[in-house]
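Engineer: Sequence plus the predicted model coming up.
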Amino acid sequence: MTDTATATELSRSRTLWELVSRRAALTPDTTVLIEAAEDPAADRSLTFGELRDRSERVAAGLHDMGVRPGTVVAWQLPTRIETVLLTVALARIGAVQTPVIPFYRDREVGFALREAKADFFAIPGTWRGHDYPAMARRLGARGVFEAYDSLPDGDPTVLPPPPATGTDVRWIYWTSGTTSDPKGVLHTDRSLIAGGSCLAHALHLTPSDVGSMAFPFAHIAGPDYTVMLLLYGFPAVLFEKFAMPDALDGYRRHGVTVAGGSTAFYSMFLTEQRKAPDVPLIPTLRLLAGGGAPKPPEIYHAVVRELGCQLTHGYGMTEVPMITMGAPDDTPENLATTEGRPPEGMSIRITTPDGTPLPPDTDGEVRLRGEAVCQGYLGRDQSAEAFDPDGYLITGDLGHLTPDGYLVLTGRSKDVIIRKGENISAKEIEDLLHRLPGVADVAVIGLPDQTRGERVCAVVEQPPGAAPLTLPQLTAYLRAQGLATHKLPEQLELPEALPRNEALRKVLKYKLRERYA
């Protein structure tokens, strides 16, 4: 059976645990995870067989703690081997797990724990200067346990049978969306397997590849990438702390062939390559791949020209981990100017606001239907509003399909900023800033940024006579309110007045974007 045929057969697995077990039976001694440490002597690795066996022992330890099928377990952990073992162990039990990005703080974490009604909360202890146990105590979290370098352990014979179906909701991911509070996105094992399958098949991978995870494993891209490893049987290098140029040694010594993450990552690789243009940055690299933020066409051409590798970019979101993906054998024009094509089973409909389908090359709302689409949101009202009568998810993105089926995104109807692949709610920041003295009104917008995709800009209208606000004052206030660091504005503008429409005096954000872009 060919690699592709094997991957296609594995992609039909009903559950994540079934997929792990089947891959371990095929290639038990093949490495799946490599943890790149700052000291090369401290690098660690795990095989597919060890992933299965050790995660089942962790599952037994969790079972001894009281974790059962349907138990809600939140975890806020960095990208480490232990994190992958924990998430696979929870999948073995059939628990409901809700990953939380490690750099979220009290505001977002507290909301997630309350909304998900988490029975347990796994944390890393003190990590990168932040005291997670203290935060858990402040939030009144239940069942707190540390899972950084040690995990629960037990006898697998105590475990109940693994889940038999993959269509039950067992995952709650969090996205800021367009509201001030995050939204809990409901996924099943099958929706995550379908999303990962789309990514894997589009990239034309082989067992000889070596991938990389330089992003938070708690992101929806975590299971996306894990499924890809399981389908094609190749390893990925994990970076607990990603920073350039320090991370380059890990890429080089482990012979990474596939890297990426988002537009911001492409820009970082280019920056490093330009320091020594005649020396290949990562000699084994053949492909950069990612998504999560718009990709300017010039970035594609610069990567191909300067890094000497291919670049494929895709379109995904927390609600649908992978929607479209460019393929390495697509034309340069399509790779530079589109988000790729959808896989088999993903239906994309471009419509007017009332849901009327539009023909190719006509901009409209992007709507989606397929197995990779989430089951909705924790709030019943949010779920009802998210889907149209035909069962298509209303993404809030704008774009069109080309006559040969490639998707071109042209904007967003939702007021959301995408910085380094992470969704940031403008309203959340605005709501906090409206309470800051010296602010009469405020609009938070995303501005194009070649490195980050978008940067966060706060445009503040001050009351008469107020002392001019400074960016350090503004960010210090937001930090004190518990706002996550990645959401902090990087630019502050103080116009005399915000532009408004004539009817309801609504702030016209498009004029601000035009003015400050």
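Structural biologist: Nice, thanks for sending it over.
Engineer: Give me the pLDDT for residue 136.
Structural biologist: Confidence at residue 136, expressed as pLDDT, is 98.
Engineer: how many neighbours does the closest residue to residue 204 other than its chain neighbours have?
Structural biologist: Nearest residue to residue 204, sequence neighbours excluded (CB to CB, 6 or more residues apart in numbering): residue 328, at 5.5 Å. For the C-beta atoms, the positions are set from N, CA and C on the backbone; glycine is no exception. For residue 328, the neighbour count with other CB atoms under 10 Å is 16.
Engineer: does residue 328 really touch residue 206, like I thought?
Structural biologist: No - counting by CB atoms under 8 Å, residue 328 sits too far from residue 206 to count as a contact (11.7 Å).
Engineer: need the helices for the stretch 251-400 of the chain, in chain order.
Structural biologist: Counting by DSSP state H, counting those that start in this stretch, one finds helices in the stretch 251-400 of the chain at the ranges 263-273, 297-302, 332-337, 380-386.
Engineer: Outline the domain layout of this protein.
Structural biologist: Residue ranges for the domains of the chain, per automatic domain parsing: 3-400, 416-516.
Engineer: could you redo these as JSON lines and give each row distance to residue 409?
Structural biologist: Listed next are the domains of the chain as JSON lines, based on distance: least, CB to CB, whole Å:
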{"stretch": "domain 3-400", "distance to residue 409": "4"}
{"stretch": "domain 416-516", "distance to residue 409": "11"}
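Engineer: Could you identify which of those domains has the lowest mean pLDDT?
Structural biologist: Looking at the domains of the chain, the lowest mean pLDDT belongs to domain 416-516 (a mean of 90).
Engineer: Among the domains of the chain, which comes closest to residue 410?
Structural biologist: Comparing the domains of the chain by their distance to residue 410 (CB to CB), the top pick is domain 3-400, with 5.0 Å.
Engineer: re the thing from before, which residues does the residue nearest to residue 204 contact?
Structural biologist: Residue 328 makes contact with 203, 204, 287, 310, 312, according to CB atoms under 8 Å, 6 or more residues apart in numbering.
Engineer: how much space between it and residue 291?
Structural biologist: Here the criterion is CB to CB, to the nearest Å. By it, residue 328 lies 15 Å from residue 291.
Engineer: same question, residue 430
Structural biologist: Counting by CB to CB, the gap from residue 430 to residue 291 is 27 Å.
Engineer: Which one of those two is surrounded by more residues?
Structural biologist: Neighbour comparison, residue 430 and residue 291: the larger count goes to residue 291, with 28 against 18 (by other CB under 10 Å).
Engineer: just checking, that one touches residue 315?
Structural biologist: Yes - look at residue 291 against residue 315 with CB under 8 Å: they come within range, at 5.9 Å.
Engineer: Show me the common contact partners of these two, please.
Structural biologist: Residues touching both residue 291 and residue 315 (CB under 8 Å, 6+ apart): 322, 325, 339.
Engineer: Now for residue 457: which residues touch it?
Structural biologist: Contact analysis of residue 457 by CB under 8 Å, 6+ apart lists 444, 445, 446, 447, 489, 490, 491, 492, 493, 512, 516.
Engineer: Count the residues that sit near the third one.
Structural biologist: The one in question is residue 446. Each residue near residue 446 was counted by other CB under 10 Å, and the total is 23.
Engineer: Just list the residues touching it, thanks.
Structural biologist: Residue 446 is in contact with 416, 417, 418, 419, 424, 426, 454, 455, 456, 457, 513, counting by CB under 8 Å, 6+ apart.
Engineer: how near is it to residue 417?
Structural biologist: Applying CB to CB, the value for residue 446 to residue 417 is 3 Å.
Engineer: joint contacts of those two?
Structural biologist: 424, 426, 454, 456.
Engineer: Helix or strand for the residue of the chain most remote from its centre, just tell me which one.
Structural biologist: The outermost residue of the chain, judged against the average C-alpha position, is residue 465 (43.4 Å), by CA atoms, centre = their mean. In this assignment (DSSP states H and E), residue 465 forms part of neither any helix nor any strand.
Engineer: Then residue 63?
Structural biologist: Element membership for residue 63 (DSSP H and E) is helix 48-65.
Engineer: Quick check: what element follows that helix along the chain?
Structural biologist: According to DSSP H and E, the helix or strand after helix 48-65 is strand 72-75.
Engineer: by contact count, what packs against that next one?
Structural biologist: Packing partners of strand 72-75 (3 or more CB pairs under 8 Å, 6 or more residues apart in numbering; DSSP states H and E): helix 81-93, strand 96-99, helix 106-116, strand 120-123.
Engineer: Point out the most buried one among the domains of the chain.
Structural biologist: The highest mean neighbour count among the domains of the chain, using mean count of other CB atoms under 10 Å, belongs to domain 3-400: a mean of 19.
Engineer: chain center to it, what's the gap?
Structural biologist: Chain-centre distance of domain 3-400: 6 Å, with CA atoms, centre = their mean, to the nearest Å.
Engineer: Name the nearest of the contacts of residue 446 relative to residue 99.
Structural biologist: The closest of these to residue 99 turns out to be residue 424 (CB to CB; 18.0 Å).
Engineer: Surely that closest one and residue 487 touch.
Structural biologist: Yes - shown here, residue 424 and residue 487 form a contact pair, counting by CB under 8 Å, at 4.9 Å.
Engineer: got any residues that touch both of those two?
Structural biologist: What both residue 424 and residue 487 touch, as defined by CB under 8 Å, 6+ apart, is the set residue 456.
Engineer: hang on, the earlier thing: possible to save the shared contacts of residue 291 and residue 315 as CSV with distance to residue 163?
Structural biologist: Below are these laid out as CSV (distance: CB to CB, whole Å):
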residue, distance to residue 163
322, 23
325, 28
339, 33
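Engineer: ok, now how distant is residue 350 from residue 212?
Structural biologist: In this view, residue 350 and residue 212 are 34 Å apart by CB to CB.
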